[in-house]
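Trainee: give me coordinates for this.
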Amino acid sequence: MDNYYYPICFGGLVVLCLGLLFAQPTRRQELEQQGIADEDEHPETWWYKAYALAVAADWLQGPYVVALYRDEYSLQPGVVMSLYLTDLIATTVSAYFVGALSDKHGRKLYCMVYCVLYTLSCFLTIVPVTPLLFLGRIFGGISSSILFSVFDSWMVTNFHKKDLAKEACDLSRTYASTAIVNSLVAILTGLLGESLVWATGTKKTPFLVSVALLWVCFQTIWSHWGENFGASSSLASTPAATRPSLWSIIRTPSVLALAFASTMFDSSMNLFALYWGPALSSLHSLATEVPYSTVYSSFMVVSLGAALVFNILMNKRVTTEAQILVAALSVASFCFLKLSSAKTETGAFWLFCLLQGCIGMFVPCVGYLKATLIDDDVRATVYSIMRIPFNILAIISLVTIRDNNNVGGVFATCSLMLIASFTTTLAATLREIL
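Mentor: Numbers count the residues shown, from 1 in each chain. This is a model prediction of the structure:
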């Protein structure tokens, strides 16, 4: 494999994505088919704008947290590990409370709280005082809980509240478009982050730019989002005996199957994120280093392309979200199985790309299925609870495999995890639960 292989692959993937982008279905086409006049502004415009700013702040600083601790602060590896674990523990512990409080006091409010807490986390991260760094990780962990549960909950409830289906919007395509926005933001912030670090000579700069993005996000949410609540509002006039129990919803076989699949898939992809670099490096035959930034950019482009394909499939309704979910789990399991004994760098690279494609398909599938299975009244609470097992597994994985150099064994374990989730999800699908 020569030095030009990865840049050529990246260029080819970008061209493919551009083709898929031009083939995307639009809401205007749907309106024209229904004979409805188009509006000047898409009803979900402010959702996409605020969400893009929120994830941009997260993507921008993410790659530089550990590097800042290690390279500029010269912290010992044990301290860096403790800081990382503190973030995960804070995410896990705060998950239930964040969901329940946002359902009670308002999802819009807690999305703004995300902006405030993450801003504090950014400021504390650029101060090289160890106790403040730990406090910054706690705020960062709580912010992660909000980002991965409350934002999604607000969007779905807002979709139902405003009955956007009557305006030629489709929740499945909304999730696909959200995944597309996320992938585009990841690519652009990756380039921006590298440019900022290169121009300023310090890894603190992305955190300061994140603060600016969070401020704009706060203003956008404050000005353009409506508030929506959970049980405290919508069930206030409903007799207690007829209200759906939180734990009865969680124990529903469909929700359990989806939660298990999400936990196994996300945990496997967390390990993929930790080990793809060492795996490619071990197979690299050239004297030069693997161009990690180009490879990572290729992964992001593949994820974007998969989300674009998902959008087209859902528009044509040639398959269902549940079927795509099962397919993504089975393909990901196959990829990990092959990677456990990969012999060539080229083969490993394309298997990693296929895994990234599975992520691009899996995320909107799970989002849509959760939206259809879980009631708006307890949406944020259930979403938060569903992420707790993943957070616990992430902590366990980080502690148990941090010194594990057996990449093949790790990938084989991921394959087994996905086989288990595939079996569970397939059984649920065959019983018409999902």
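
Trainee: so what's P7 up against?
Mentor: By CB atoms under 8 Å, 6 or more residues apart in numbering, P7 lies in contact with 291, 294. Quick note: C-beta positions are derived from backbone N, CA and C, even for glycine.

Trainee: any buried residues in the helix or strand encompassing it, and which?
Mentor: Taking DSSP states H and E as the definition, one finds P7 inside helix 5-22. Neighbour counts using 16 or more other CB atoms under 10 Å place 6, 9-10, 13-14, 17, 20 of helix 5-22 among the buried residues.

Trainee: include pLDDT and distance to A179 when you put those into TSV, please.
Mentor: TSV is the format used below for the buried residues of helix 5-22 (pLDDT from 0 to 100; distance: CB to CB, whole Å):
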residue	pLDDT	distance to A179
Y6	90	24
C9	94	22
F10	93	20
L13	95	17
V14	93	18
C17	92	13
L20	91	13
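
Trainee: using CSV, please lay out those together with distance to G78.
Mentor: CSV is the format used below for the buried residues of helix 5-22 (distance: CB to CB, whole Å):
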residue, distance to G78
Y6, 34
C9, 38
F10, 37
L13, 39
V14, 41
C17, 41
L20, 45
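
Trainee: what number of residues lie near the closest residue to W225 other than its chain neighbours?
Mentor: When the adjacent residues along the chain are set aside, W225 lies closest to K108, with 4.9 Å between them (CB to CB, 6 or more residues apart in numbering). Other residues near K108 come to 20 when the count uses other CB atoms under 10 Å.

Trainee: contacting residues around K108?
Mentor: When contacts are counted by CB under 8 Å, 6+ apart, K108 is found next to 154, 221, 225-228.

Trainee: ok, the buried residues of helix 5-22 vs S94, which is closest?
Mentor: S94 lies nearest to C17 out of those, by CB to CB, at 35.8 Å.

Trainee: the closest one - nearest residue in space that isn't next to it in sequence?
Mentor: G305 (4.7 Å).

Trainee: and that neighbour, how far from A50?
Mentor: Here the criterion is CB to CB, to the nearest Å. By it, G305 lies 25 Å from A50.

Trainee: and those two? which has more neighbours close in?
Mentor: Neighbour totals were compared for G305 and A50, and A50 leads with 27 against 24 (other CB under 10 Å).

Trainee: what pLDDT, on average, does stretch 176-187 get?
Mentor: For stretch 176-187, the mean pLDDT works out to 92.

Trainee: meant to ask about stretch 274-293, not that
Mentor: In this model, stretch 274-293 has an average pLDDT of 84.

Trainee: next, the distance between the ends of that stretch.
Mentor: Across its full length, stretch 274-293 reaches 15 Å between end residues, using CA to CA, to the nearest Å.

Trainee: quick check: buried residues in it?
Mentor: Within stretch 274-293, the residues scored as buried using 16+ other CB under 10 Å are 274-276, 279-280, 283, 290-291.

Trainee: what do you get for stretch 222-229?
Mentor: In terms of neighbour count (16+ other CB under 10 Å), stretch 222-229 has its buried residues at 225, 228-229.

Trainee: who touches it?
Mentor: 46-47, 49-50, 103-109, 111-112, 154, 157-158, 161, 376.

Trainee: do stretch 162-181 as well
Mentor: In this structure, residues lying in contact with stretch 162-181 by CB under 8 Å, 6+ apart are 25, 27, 30-31, 34, 36, 39, 43-44, 47-48, 51-52, 55, 155-156, 158-159, 303-304, 307-308, 310-311, 314-315, 321, 360, 363-365, 367-368, 371-372.
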